[in-house]
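[1] below: sequence and its predicted model.
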Amino acid sequence: MPRYFVIAAVLIVCGIAIIVRAGYLIAKEKDYWMAVDSLNVKKDSIPMYPVRGDILADNGEVLASSVPEYRLVMDFRSYEKDSTMLRRDKFRRYLSIMLDLDTLCRSMHAVFPDIDTLQLREHIIKGFHKNSSTWFIYPGRVSYIQYAKLMQQPFFNEDAQRKGFRADPFEVRKKPFGSLAGRFVGDLEIRGKKNIGRTGLELTMDSVLRGQMGRKHKEKVLNKFVDAVDREPVNGYNVETTLNVTMQEICEKTLREHLELYQEKEGGVEFGLCILMEVATGDVKAISSLTNKDGKFYDINDQAITYRTEPGSVFKPMSFLIAFDEGHLHMNDLVNVGNGRKKFYGQTMTDHNVGSGGYGTLTAEMCIANSSNIGVATFIDRFYSSNPQHYIDKLLEIGVGEDLKVPIPNYRKPRIKAPNNLLQGEYWAKTDLPWMSYGYVTQLAPINTLTFYNGIANNGKLMRPRFIKALTLNGEVVKEYEPVVLRERMAQHDEAIRNIQQCLRSVVTKGVGVRYSSKRIHIAGKTGTAVDYSGGKRNNTRFVSFAGYFPYESPKYSCIVCVKKTAPAAGGRHCEPIFVEIAETVLAQELQRNYQTAKDSTHTATPIVACGNMNAASRVLNGIGISYREKGLPSVHEWGTAELENREIVLERTEQPEHVIPNLKGYGVRDAVFRLERMGLKVKCIGQGHVVGQSLRPGHAIQEGERIVLTLGHSSMRTNTAADSLQQKAEKVAHNDSVLSSRQRNDSTNVKKAKDKREKKPEPQKIPKKEQKQAVSSENRPILTNKNKRT
């Protein structure tokens with residue numbers, strides 16, 4: 001009974017103590033523990049940022065990628081609310097930092113040699129006294145490689161976070177190719193720790209590039225905070241584009257060089273653009289828009305996509321395609337354009353050669369080739385003046401007004417004026433049709449113009465320009481963007497397409513583009529010049545262009561080049577040279593010559609094989625398919641000679657004692673030096689080629705530290721005519737070296753003796769005064785020369 005009483009008493013006392021302690025905590029320490037609960041004992045809903053996807057070229061090369069960078073920070077602040085606990089925590093932090101401060105500074109200096117350890121020490125102490133929660137210990141951001149190296153150093157490879165160190169991560173967008181296709185790829189806008197697309201593909205594909213955020217919270221376990229992941233982040237998809245890095249570089253470089261040249265010589269260049277497209281698929285291989293900024297040109301705008309304007313004469317083939325397809329027009333139909341000046345409904349239209357008397361009578365083909373405004377307008381007005389809406393409808397049928405749904409911000413689809421679709425304030429005039437027929441009264445972006453020419457090159461199959469091929473994640477294709485066919489047939493009759501192809505070829509063979517056409521490849525295309533319209537009137541600015549494709553016989557690429565500058569300006573003069581240079585360079589990159597046709601299988605030259613390592617020689621001969629024969633010792637002996645016997649290579653392996661000099665004639669210099677140095681000799685080489693002479697004759701017994709001179713030459717393995725003279729030269733060089741070394745030894749001995757002699761100076765002797773006077777008088781006498789003696 002007493003035993004149970006004691007146990008009950010103990011339990012009662014413990015219970016009373018627990019109740020008293022709980023009451024004390026509730027009454028006295030409530031505020032403190034509520035503060036502790038709010039200070040990171042548990043942190044809920046912390047965002048976890050995904051890795052932004054990469055933007056890739058057509059072959060997987062990275063155009064834009066996200067890499068982590070870090071800011072190195074020390075947190076000296078104590079979050080204790082109780083004054084006693086605050087002093088204790090601050091003292092603990094001070095001791096932990098001071099004990100490891102030298103180690104921290106040395107580790108920082110090991111990774112960042114520009115850091116002065118004493119200055120860093122003072123800087124950290126200053127931050128501690130300021131009780132800063134964000135005290136940077138390195139002025140800028142560090143790369144991931146630097147961060148990983150730092151975390152392997154003392155102090156950082158331990159529990160550095162507990163001592164106040166932390167690394168704040170940042171995601172940085174890097175472009176390995178610099179500004180190449182910079183506007184097409186786009187850039188980011190930083191909002192806190194988020195990167196949001198601002199321009200280019202970074203903006204239009206932002207939703208798939210940025211991924212999905214995750215969530216986590218921190219819990220305190222065993223006096224340490226650990227991450228508890230609630231939802232894993234999903235990294236962004238990689239966007240694989242159709243852009244080709246090599247072609248993009250060709251287009252940008254060529255365009256920039258010509259624009260800078262035009263600006264230097266003529267001035268007034270506002271911008272230039274270029275688009276290169278693959279004919280079969282519509283893949284955009286290169287796109288560049290360069291804007292003038294203080295005489296230099298930068299890719300800062302998207303004029304190739306966003307600049308919608310009157311296209312000029314590049315519109316003429318679109319008008320003629322309709323007329324050809326409906327049977328109204330034929331290649332040899334004639335039209336009189338007179339002296340280059342004609343009135344349509346009271347308005348005067350002129351040709352570009354009005355000053356030289358005009359073209360007179362032209363065929364339909366030569367109207368395109370010579371870019372006659374009057375010729376094209378006369379035909380189109382003759383066929384469609386009674387029903388201009390039908391002409392507009394046919395333009396839409398061939399895809400001229402197609403919305404291409406370009407995945408680049410601010411793309412502007414075509415604006416084609418029509419009698420049945422007028423905007424507020426517009427009206428249809430009789431002059432609209434003839435002027436529209438050659439590129440006015442309608443507005444197209446350059447990408448739309450090129451799409452039409454790409455369809456002509458593709459025999460009437462109109463493709464939508466493709467900028468994105470696929471979305472990938474972890475090497476697997478998530479979504480693929482197939483080429484889209486907008487029109488299987490732009491025209492009902494294939495002959496209409498062939499007529500336009502022939503007209504475009506005539507432009508560069510016998511029309512306005514012949515002067516600047518290529519002499520290396522066959523191209524086809526059309527020049528264009530449009531007078532800029534702003535402020536309600538025409539001004540002195542021109543928008544000139546050249547659109548076409550190459551090679552003409554089997555079109556592979558289509559291209560458009562446009563330049564906006566003040567007059568004088570012309571598509572043939574300012575755009576066609578850029579087009580031609582791009583076409584020639586692109587095709588030269590893809591040129592693959594078949595060298596097998598030039599191989600001489602009858603007279604095959606036997607290669608010269610140097611003596612030396614026979615194992616290496618046999619591997620090379622086997623690799624290039626040259627037959628040979630081996631004789632002598634088995635293959636365990638690696639050294640030997642190579643000879644020719646009846647046009648057959650013979651490899652003979654030899655054996656020689658290691659303590660004597662081998663015969664090195666015919667050796668390659670690498671094998672010779674390797675073998676001699678392995679035998680303990682010092683080697684000196686003279687000349688170039690393989691070994692033709694050696695200072696120490698074969699069979700010479702090797703002495704420790706001995707030197708050998710190898711003479712190199714270019715005599716073949718078949719003959720050794722110059723070997724004797726070169727051998728003598730090598731021996732002479734070796735003899736001179738030995739004589740020089742002996743002289744150096746003698747000189748050093750003499751110097752040592754002279755030095756010892758200077759150190760042992762004799763004591764000065766006392767000379768009688770009479771002898772001193774004689775010495776002085778003798779010193780003042782003139783010295784007799786041989787001439788004085790003869791006198």
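    All right, it came through fine.
[2] next, count neighbours for Q161.
    Using other CB atoms under 10 Å, Q161 is surrounded by 13 other residues. All C-beta atoms are positioned from the backbone trio N, CA, C, and that covers glycine.
[3] go on, E488?
    E488, neighbours per other CB under 10 Å, totals 8.
[4] how close does the closest residue in space to it that isn't next to it in sequence sit to E704?
    Leaving aside its sequence neighbours, E488 sits nearest to K461 (CB to CB, 6 or more residues apart in numbering; 6.1 Å). Between K461 and E704 the computed distance is 82 Å (CB to CB, to the nearest Å).
[5] which of the two has more residues huddled nearby?
    Counted by other CB under 10 Å, K461 and E704 do not tie: K461 has more neighbours, with 19 against 6.
[6] nearest to the spatial middle of this structure, which residue is it?
    Closest to where the C-alpha atoms of the chain average out (CA atoms, centre = their mean) is F177, at 2.8 Å.
[7] thought that one was touching T246?
    No - with contact defined as CB atoms under 8 Å, F177 does not count as touching T246 (10.7 Å).
[8] quick check, the residue nearest to E488 in contact with G455.
    Yes - applying CB under 8 Å, one finds K461 in contact with G455, separated by 6.4 Å.
[9] any common contacting residues for these two?
    Counting by CB atoms under 8 Å, 6 or more residues apart in numbering, the common neighbours of K461 and G455 are 487, 490.
[10] give me the neighbour count for the residue lying closest to K682 once chain neighbours are set aside.
    Closest residue to K682 apart from its sequence neighbours, by CB to CB, 6+ apart: R707 at 4.5 Å. Residues lying near R707 (other CB under 10 Å) number 15.
[11] report pLDDT for R707.
    In this prediction, R707 carries a pLDDT score of 89.
[12] in stretch 376-389, what's buried?
    Judged by neighbour count (16 or more other CB atoms under 10 Å), stretch 376-389 contains these buried residues: 376-381, 383-384, 388.
[13] just put those in a markdown table and tack on pLDDT and secondary structure.
    Formatted as a markdown table, these follow (pLDDT from 0 to 100; DSSP: H, G, I helix; E, B strand; the rest coil):
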| residue | pLDDT | secondary structure |
| --- | --- | --- |
| V376 | 96 | helix |
| A377 | 96 | helix |
| T378 | 96 | helix |
| F379 | 96 | helix |
| I380 | 96 | helix |
| D381 | 95 | helix |
| F383 | 96 | helix |
| Y384 | 96 | helix |
| P388 | 94 | helix |
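[14] distance to R166 for those residues - can I get that in a markdown table?
    A markdown table is the format used below for the buried residues of stretch 376-389 (distance: CB to CB, whole Å):
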| residue | distance to R166 |
| --- | --- |
| V376 | 72 |
| A377 | 74 |
| T378 | 78 |
| F379 | 76 |
| I380 | 73 |
| D381 | 77 |
| F383 | 77 |
| Y384 | 74 |
| P388 | 72 |
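[15] quick one: which of those is nearest to G140?
    Distance to G140, by CB to CB, is smallest for V376 among these, at 62.1 Å.
[16] is it correct that the closest one is in contact with F320?
    Yes - with contact defined as CB under 8 Å, V376 counts as touching F320 (6.9 Å).
[17] ok, now which ones touch Y557?
    Contacts of Y557 (CB under 8 Å, 6+ apart): 276-279, 285, 549-550, 583, 586.
[18] just checking, which of those belong to helices?
    583, 586 (DSSP state H).
[19] closest to K163 among the contacts of Y557?
    Among the contacts of Y557, and counting by CB to CB, the member closest to K163 is K285, at 54.7 Å.
[20] any low-confidence regions in the chain?
    1-2, 32-44, 78-86, 192-193, 220-225, 534-536, 592-605, 635-636, 715-791 (pLDDT under 70).
[21] repeat that with 50
    40-42, 717-727, 733, 739-745, 748, 751-755, 757-791 (pLDDT under 50).
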